[in-house]
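In: Below: sequence and its predicted model.
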Amino acid sequence: MNVLLVDDDFYVIAALQKRIDWDSLNIETVYTANNVAQAREIIEKHSIQILISDIEMPQGSGLELLAWIREGNYSIQTILLTNYADFNYAQKAIELQSFEYFLKPIEFDKLMLIIQKAVTQAKEQQSNKIAIQEGYFWQKNQAKILEHFWRKMVSSSTSFPIKPADITHDIEEQNLSYQMNDILQPIIFNLFPYNGSMGKEEKDLFDFALLNVLYELFQNLCFTIESILEYKDYNWIAILKWNQAPDTPLLEEICSSFIQKANPYLKCNVCCNIGLYDKLNNVGNVLKQSLTMDEENTRCRNQTFLVETYLHQNKTIYTPPDLAYLEELLNQNKFTIFLEEVTQYLKVMLNNRALETSVLSLYRIDIVQLVYSFLNLKGIRSHKLYSGKTNDKLFMHSLDSIEDMEEYLEYLVTIAMKYRDFAAQPQSVAEEIKQYIHANYGDDLTRNDLAEIVYLNPDYLARIFKRETGVSLGSYIIQVRISAAKHLLETTNMSVYTVANKVGYNNYSYFSKLFKQEVGLPPNEYKKEQHYNPAY
């Protein structure tokens, strides 16, 4: 298999030649060209399977080269490079069936994966040609047929195990070579991609890399991989068929190797669940047991669990921690010790590496209630303080694993600690409210609205504001609005009605009454006086 690099920049060509491990991709020859004309000559003379080309070049663009390739019916996988995130380029590349559209500067690890996908696609095209020539289309469809079969087996077993009669029917209908006494075993992989990693940003590329790693590691003479499929986001299941007596320690060893590779290469954590093995006629129960464990058992990252262990252990009974002691730690502002205690209790609850999510959920309720009660006693509106995308995301994922729960609890306690310190300084609270009023005096400013800004109880806010400023919230808002109205009446030609609206009063009569109380004159007279006797 050969590749052609096309770019008018010598340094880009040199970097691609050196930085990409072409040998590992089974690329025999790397051809290079500095313009479209040279590229055409090479394509006409040599067998090229993959083209990596710049778009913007002085003597013809990469899009023109791609159009020429399509017109000539060359079977070449094309990856286009450009400095510009121009939608028109991308749209044209899609129309011309470009394999990939990649922005410079080049991230070589990602480009390596894209080239690997192109190599796979090129090999598939070659295989398809052979299959067409020999009339063997079933090879191409076999993997899809198997995936469809196993996806149905998995989805059908989520609620109730699929029945043997239904398995037999599907095998016969799809003309599969399974026997009902074949020994099958599932393995579930829970993936936790790092923030900012390929798993979060480019899932298609991540999935491709993941499958490469799994198929490489699980190549073994003792079993065959029947299918690997994603049954929900970041949750995959592999179906193995044993050719000899099942060997669970072997699978544990392979899972351990996968965990070690996933961290540096895929930039993610992994939890592996090895299911029971049984004959195909009982695969519904086997799948149901694995899926149930995956739902009920709390995951611990970078570890391997056995369904067999899960089935034989006693069900976890939730025993609450010493809530009175934890409450006292909060009241004494010993947040660090509190956090240490609650995370340590998690580890105790984990026991023999088996903690049910239902129990973990009850523990979360207890800790959240403790923190919320503590904040509410301090006049802090906890339900408002913890509203927002960050809280919702952490809360939603807190039952996914022990580590996710630890992250949520740390967030919960850290926010409580920071805001308790802020609320304990009335001067800071009053200053923030004053600044907000000055910046938004034209808006509808109720006591509840202002309390939400600093996440405090409205009555508590009103008390500390008056204690710090000597003025009630309502009076302060009036003072700021009237002061702003005076300035507008003095410096603009706005009507009194317009000024009233500008400073937050839709009722002119009410505004006029307040203005006279504060200034001593009705607003219209104040305006006349200022314009007749301007101050110099």
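Out: Nice, thanks for sending it over. Numbers count the residues shown, from 1 in each chain.
In: how about the CA coordinates for stretch 40-59, as PDB?
Out: What follows is stretch 40-59, C-alpha atoms only, in PDB (Å, rounded to 0.1, in the frame of the first residue of the first chain):
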ATOM      1  CA  ARG A  40      -1.100  13.700 -11.200                       C
ATOM      2  CA  GLU A  41       2.000  12.300 -12.900                       C
ATOM      3  CA  ILE A  42       2.700  10.100  -9.800                       C
ATOM      4  CA  ILE A  43      -0.900   8.900  -9.600                       C
ATOM      5  CA  GLU A  44      -0.800   8.000 -13.300                       C
ATOM      6  CA  LYS A  45       2.500   6.100 -13.000                       C
ATOM      7  CA  HIS A  46       2.100   4.400  -9.600                       C
ATOM      8  CA  SER A  47      -0.500   2.600  -7.500                       C
ATOM      9  CA  ILE A  48      -1.600   5.100  -4.800                       C
ATOM     10  CA  GLN A  49      -4.100   4.100  -2.200                       C
ATOM     11  CA  ILE A  50      -3.900   7.200   0.200                       C
ATOM     12  CA  LEU A  51      -3.500  10.900  -0.700                       C
ATOM     13  CA  ILE A  52      -2.700  13.500   1.900                       C
ATOM     14  CA  SER A  53      -2.900  16.900   0.200                       C
ATOM     15  CA  ASP A  54      -2.900  20.600   1.200                       C
ATOM     16  CA  ILE A  55      -5.800  22.600  -0.200                       C
ATOM     17  CA  GLU A  56      -4.200  26.000  -0.800                       C
ATOM     18  CA  MET A  57      -1.300  25.700  -3.300                       C
ATOM     19  CA  PRO A  58      -0.100  28.200  -5.900                       C
ATOM     20  CA  GLN A  59      -0.300  26.000  -9.000                       C
END
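In: Touching, residue 479 and residue 519? I think so.
Out: No - judged on C-beta atoms under 8 Å, residue 479 makes no contact with residue 519 at a distance of 11.0 Å. Placement of C-beta: from N, CA and C, glycine included.
In: shared neighbours of the two, which are they?
Out: Between them, residue 479 and residue 519 share no contacting residue under C-beta atoms under 8 Å, 6 or more residues apart in numbering.
In: low-scoring stretches of the stretch 51-200 of the chain, by residue?
Out: Scanning the stretch 51-200 of the chain for pLDDT under 70 picks out the ranges 84-101, 130-140.
In: number of nearby residues for residue 220?
Out: 15 (other C-beta atoms under 10 Å).
In: Same check on the one 3 residues further on?
Out: As a burial measure, residue 223 scores 22 neighbours (other C-beta under 10 Å).
In: Give me the phi and psi for it.
Out: Residue 223 adopts backbone torsions of phi -150, psi 170, taken as degrees, to the nearest 10.
In: residues contacting it?
Out: Applying C-beta under 8 Å, 6+ apart, the residues near residue 223 are 185, 240, 241, 242, 243.
In: let's go with 7 Å and repeat that
Out: 240, 241, 242, 243 (C-beta atoms under 7 Å, 6 or more residues apart in numbering).
In: Identify the bridge partners of the second one.
Out: Using DSSP bridges, the beta-bridge partners of residue 241 come out as residue 184, residue 224.
In: Using the three-state scheme, assign the residue nearest the centre of the chain.
Out: Central residue check for the chain by C-alpha atoms, centre = their mean: the C-alpha nearest the mean position is that of residue 200, 5.1 Å away. Three-state assignment for residue 200 (DSSP: H, G, I helix; E, B strand; the rest coil): helix.
In: Would you mind checking the contacts of residue 223 for buried ones?
Out: Those of those that meet the buried threshold are 240, 241, 242, by 16 or more other C-beta atoms under 10 Å.
In: can you put the residues you listed in JSON lines and add pLDDT?
Out: Converted to JSON lines, the buried ones among the contacts of residue 223 look like this (pLDDT from 0 to 100):
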{"residue": "240", "pLDDT": "97"}
{"residue": "241", "pLDDT": "96"}
{"residue": "242", "pLDDT": "96"}
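In: possible to save these as CSV with distance to residue 435?
Out: Listed next are the buried ones among the contacts of residue 223 as CSV, based on distance: C-beta to C-beta, whole Å:
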residue, distance to residue 435
240, 64
241, 69
242, 70
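In: which one of these sits closest to residue 465?
Out: Minimum separation from residue 465 among these (C-beta to C-beta) is found for residue 240, which lies at 67.1 Å.
In: Okay, and the residue nearest to residue 297 when sequence neighbours are not counted sits in which element?
Out: Leaving aside its sequence neighbours, residue 297 sits nearest to residue 310 (C-beta to C-beta, 6 or more residues apart in numbering; 5.8 Å). Assigned by DSSP states H and E, residue 310 belongs to helix 307-312.
In: tally of neighbours for residue 448?
Out: When neighbours are counted by other C-beta under 10 Å, residue 448 comes out with 11.
In: ok, it touching residue 458?
Out: Yes - with contacts counted by C-beta atoms under 7 Å, residue 448 reaches residue 458, the gap being 5.3 Å.
In: circling back: out of the buried ones among the contacts of residue 223, flag the one nearest to residue 306.
Out: Among those, and counting by C-beta to C-beta, the member closest to residue 306 is residue 240, at 14.6 Å.
In: what residues are up against the closest one?
Out: 184, 185, 187, 223, 225, 226.
In: Go again with 10 Å.
Out: Residues near residue 240 by C-beta atoms under 10 Å, 6 or more residues apart in numbering: 183-187, 218, 220, 222-228, 246, 251, 274-275, 277.
In: ok, now residue 360?
Out: Contact partners of residue 360, counting by C-beta under 10 Å, 6+ apart, are 297-298, 316, 318, 346, 349-350, 398-399, 401-402, 404-405.
In: Just put these in CSV and tack on neighbour count and secondary structure.
Out: Shown next, in CSV, are these (neighbours: other C-beta atoms under 10 Å; DSSP: H, G, I helix; E, B strand; the rest coil):
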residue, neighbour count, secondary structure
297, 22, strand
298, 24, coil
316, 19, coil
318, 14, coil
346, 20, helix
349, 20, helix
350, 15, helix
398, 23, coil
399, 17, coil
401, 22, strand
402, 23, helix
404, 20, helix
405, 26, helix
